[in-house]
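Novice: Sequence first, predicted coordinates after that:
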Amino acid sequence: MNPPAIAIDGPAASGKSTVARLIARELGYTFINTGAMYRAIAWYLAQQGVPATDTNAVISLLPGIPLQFGKENSISTVLCGGRKLTTELTLPAVNDSVSVVAAIPEVRAFLLQKQREYNKSEPVVMEGRDIGSVVFPDTPFKYFVTASPEVRAARRAAQGLTDSIDERDKNDRSRRCAPLTQAPDALLVDTSAMTIDQVVQLIINDIRLKLAR
Ligand code: CDP
């Protein structure tokens, strides 16, 4: 049996990254941001001048992309050609193309292996769109973190980012392969009127209850 895997899914700017990171820290688990993995591929394609809509070109490039997935201080990292990617991952070109790249089944299959690998040897808090539905369908720890569209737009603007999150959400919900969805057994957490600390405590309490069983 694998160590515990905490699955945190939800739409863009729902606060799931912040919450997932704090939960991982409190539990001493590794934090994995799967969005960064999709973003790294989108960034690489943009660097190469390959449009995300050119599915065949994306698929043929995929095995040769010099990506490395690691971790630093219990937080996942993505490197490309030995360079650690950070601010590159939120460039406008990446925001605009990532949900197109993420809809390609071959891209998802490629990353699925890497995502599951993280949990073979250690407990993880993993955030994304399909973690409870596809990556760890058997985990009892599934949380779907959301907020009203107004609150999410305000949160993204407060980060100083102009990112068309509606467009991305639409793409993420409507794709055929592993769409953004609340797994039937996931706990829905609407964070619109909650503080970050309240969300973290609610989820941690649920995890601890389940771990004690
Ligand atoms: O920045 P934000 O939290 O909105 O998104 P993210 O977690 O960085 O994910 C960026 C994009 O990657 C999403 O809009 C999805 O298109 C894709 N993604 C996905 O398809 N599946 C995941 N498990 C994680 C991200």
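Specialist: The structure has been received and is ready for your questions.
Novice: When you work out contacts or count neighbours from here on, use the C-alpha atoms and nothing else.
Specialist: Fine.
Novice: lowest-pLDDT helix or strand in the protein?
Specialist: In the chain, the helix or strand scored least confidently by mean pLDDT, DSSP states H and E is helix 149-158, which has a mean of 89.
Novice: any residues touching the next helix or strand after it, and which ones?
Specialist: For helix 149-158, the succeeding helix or strand toward the C-terminus, using DSSP states H and E, is helix 165-174. Helix 165-174 has contacts (C-alpha atoms under 8 Å, 6 or more residues apart in numbering) with 11-13, 96, 99-100, 103, 129, 153, 179-181.
Novice: at 6 Å instead, please
Specialist: Residues outside helix 165-174 that contact it (C-alpha atoms under 6 Å, 6 or more residues apart in numbering) are 12, 99, 179-180.
Novice: Is any residue of the least confident helix or strand of the chain near the ligand?
Specialist: No: using C-alpha under 6 Å from any ligand atom, helix 149-158 stays clear of the ligand, with a minimum separation of 8.5 Å.
Novice: So what angle separates the directions of that helix and helix 165-174?
Specialist: Orientation check (axes from the mean of the first three to the mean of the last three C-alpha atoms, to 10 degrees): helix 149-158 against helix 165-174 gives 120 degrees.
Novice: any idea where the strands of this structure begin and end?
Specialist: 5-9, 30-33, 67-72, 75-80, 83-84, 124-128, 142-146, 187-190 (DSSP state E).
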